[in-house]
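Colleague: what follows is a predicted structure for the sequence shown.
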Amino acid sequence: MSTPFDAPQHSGSTQTRLNSVPTEGGGGGGGGGTNVDTQRLDEAANALVELRGDTENVDNGADDDCLSASRGLNKHSAGGMAEAGSWATAGSLVTMDVRWGSQVLNLKSLLQDISDKLHTTSGHYTSTEQEEQARQRSISTPFG
């Protein structure tokens, strides 16, 4: 299964190329340039958004399971010393669930931040390419 993070495959998608003046036929323009596949940037950003949603679903499942286990342990507790059936583990499960929730919020925030930056980067490359193409078209030379 391929992900947006895999090595690029030439599938006929449009790629943005900064400084895209053709080098063949003489003239300026050094070799190479920066090639950016904005479609792949957007795919990667969208995959992170999807992963963020999946993370939320996993967190909700973990919350439900931890709280259910805690309630189950407390239901069988006699409310005294551990030997009498009291389960100190029930409170620890809730503590771990709170810690887990905090980590999930942090992860979701990071995923959103990275996704936003990938979308912004894609937009900047597209905008820069369009500006450069317009600039190149506007240059008139005495040679036609």
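Modeller: Alright, I've got the coordinates.

Colleague: show me where the protein has its strands.
Modeller: Using DSSP state E, the strands of the chain run over 16-17, 35-36.

Colleague: how about stretch 125-144: buried residues?
Modeller: Along stretch 125-144, the positions that meet the burial threshold by neighbour count (16 or more other CB atoms under 10 Å) are Y125, T126, E129, E132. Placement of C-beta: from N, CA and C, glycine included.

Colleague: stretch 111-121 too?
Modeller: Counting neighbours by 16+ other CB under 10 Å, one finds that the buried residues in stretch 111-121 are L111, I114, S115, L118, H119.

Colleague: now for those: which two are most distant?
Modeller: Longest distance between any two of the buried residues of stretch 111-121 is 12.6 Å, between L111 and H119; criterion CB to CB.

Colleague: so where do the helices sit in this protein?
Modeller: Assigned by DSSP state H, the helices in the chain fall at 38-75, 88-138.

Colleague: including mean pLDDT, could the ones you listed go into CSV?
Modeller: As requested, the helices of the chain are arranged in CSV below (pLDDT from 0 to 100):
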stretch, mean pLDDT
helix 38-75, 87
helix 88-138, 90
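
Colleague: which of the strands of the chain comes out lowest on mean pLDDT?
Modeller: The stretch with the lowest mean pLDDT among these is strand 16-17, which comes in at a mean of 50.

Colleague: ok, back up a step: turn the buried residues of stretch 111-121 into a markdown table, columns for distance to L51.
Modeller: Below are those laid out as a markdown table (distance: CB to CB, whole Å):
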| residue | distance to L51 |
| --- | --- |
| L111 | 6 |
| I114 | 10 |
| S115 | 9 |
| L118 | 13 |
| H119 | 15 |
